[in-house]
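Trainee: Give me a 3D structure for the following:
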Amino acid sequence: MQVRRAPTYSGFCGGVKRAWNRAVKASQTGEETIYLSGKLIHNTPAMRELASLGVRELSGADIAEGNLEGRTIIMRAHGEGPVAFADAEARGFKVIDATCPIVTAVQKIAVQLENDGYQVVIFGHRNHPEARATVAYTDHGFIIETLEEAQALPHYAKLASIAQTTVLQADYADLVAVLRTKADHYEDRGRICGWTLHAQDEAVALASSVEMMVVVGGRDSSNTIQLVRVSEPHCPTLHIETVDELTVEMFAGRSVVGLAAGASTRESDIAAVISFLEAIPAAVPALAGA
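Mentor: Below you'll find the predicted structure:
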């Protein structure tokens, strides 16, 4: 079977590479356990790999036991709020900040806008760590997830919006159109990650030229979910985390398959999927009645 991979934007992005390398390097210092403030990245197989290296999430039991003075904690790629940093330092942790630089830039924009008198609105998923961390840098900012929430907002003298960096650009554009009607002075400061935007564009182009798409990435990964969303209108699309989820029968009657991958997907997982797909005969017969 012929496999066409998204040519440039698939697999670890720059921010994830930075966080991953910091975690791996920390694991080599000889400490028994390196703690994480949360999931370093949204990819379960990758997190299992880190756990095998002695890098794992800090738990309530760890805190209850104490004895954390001098231990290392890595702040995840999605970022943490200022209280989390202060708390880690108060507990005596050595802090490694693995926040994606693009996320850090968005946090600074949120602070600047609020200091300038704007009501700050963050468009994103209410329970996503990046959106929660960003809003934590404001005193009065809040997260909205839907157009309906935007339409229900009151009128503001000054209103500004930013965005979780992994949302779909089209969704954010629709939101901006509504928010413009909600203020005397409105400022759009949304900054979707460039890698995310290019990955979505490549997925659309690829999905339009193949018979089926496979998107590899974490099931809780926002940017991976967006790749699935943009691919589905163009061809049948599978979202998997690892090659173990695939069977030959899924590709019956297909001869050309596209592959895209989320920004927190390991290259080893991508390579395994490509090897599996390329080994499928070009003309596996379709099942009767399929």
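Trainee: This structure - how does it break down into domains?
Mentor: Segmentation of the chain into domains, based on automatic domain parsing, reads 2-10+195-278, 14-99, 102-192.
Trainee: Can I get the ones you listed in TSV including mean neighbour count and mean pLDDT?
Mentor: From N, CA and C alone the C-beta is placed, and that goes for glycine too. Output for the domains of the chain, formatted as TSV (neighbours: other CB atoms under 10 Å; pLDDT from 0 to 100):
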stretch	mean neighbour count	mean pLDDT
domain 2-10+195-278	20	97
domain 14-99	17	94
domain 102-192	18	96
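Trainee: Return the residues in contact with residue 196.
Mentor: If you count contacts by CB atoms under 8 Å, 6 or more residues apart in numbering, residue 196 has them with 13, 165-166, 223, 226, 263.
Trainee: mind checking the SS state of it?
Mentor: Classification of residue 196 using DSSP: H, G, I helix; E, B strand; the rest coil returns helix.
Trainee: Ramachandran angles for residue 207?
Mentor: phi -60, psi -30 (degrees, to the nearest 10).
Trainee: ok, it - contacts?
Mentor: 213, 230-235, 237, 258.
Trainee: Pick out the most distant pair among the residues you listed.
Mentor: Maximum pairwise distance among these (CB to CB): 13.7 Å, between 233 and 258.
Trainee: Among the contacts of residue 196, which lie within helices?
Mentor: Taking DSSP state H as the definition of helices, the contacts of residue 196 contribute 223, 226.
Trainee: Let me know the closest of the contacts of residue 196 to residue 176.
Mentor: Of all the contacts of residue 196, residue 176 sits closest to residue 165, with 15.6 Å by CB to CB.
Trainee: Now for the closest one: which residues touch it?
Mentor: 100, 102-103, 106, 130, 191-193, 196.
Trainee: Among these, which lie within helices?
Mentor: Using DSSP H, the contacts of residue 165 in helices are 102-103, 106, 130, 196.
Trainee: Widest-spaced pair of these?
Mentor: 106 and 196 (12.6 Å).
Trainee: list the contacts for residue 184?
Mentor: So residue 184 contacts 155-158 (CB under 8 Å, 6+ apart).
Trainee: Let me see the contact set for residue 92.
Mentor: Contacts of residue 92 (CB under 8 Å, 6+ apart): 68-71.
Trainee: can you give me phi and psi for it?
Mentor: Phi and psi for residue 92, reported as degrees, to the nearest 10, are phi 90, psi 10.
Trainee: Kindly report the same for residue 26.
Mentor: The phi/psi pair for residue 26 (degrees, to the nearest 10) is phi -60, psi -30.
Trainee: wait, isn't it in contact with residue 98?
Mentor: No: with contact defined as CB atoms under 8 Å, residue 26 does not reach residue 98; the gap is 9.3 Å.
Trainee: quick one: common contacting residues for those two?
Mentor: Common neighbours of residue 26 and residue 98 (CB under 8 Å, 6+ apart) are residue 74.
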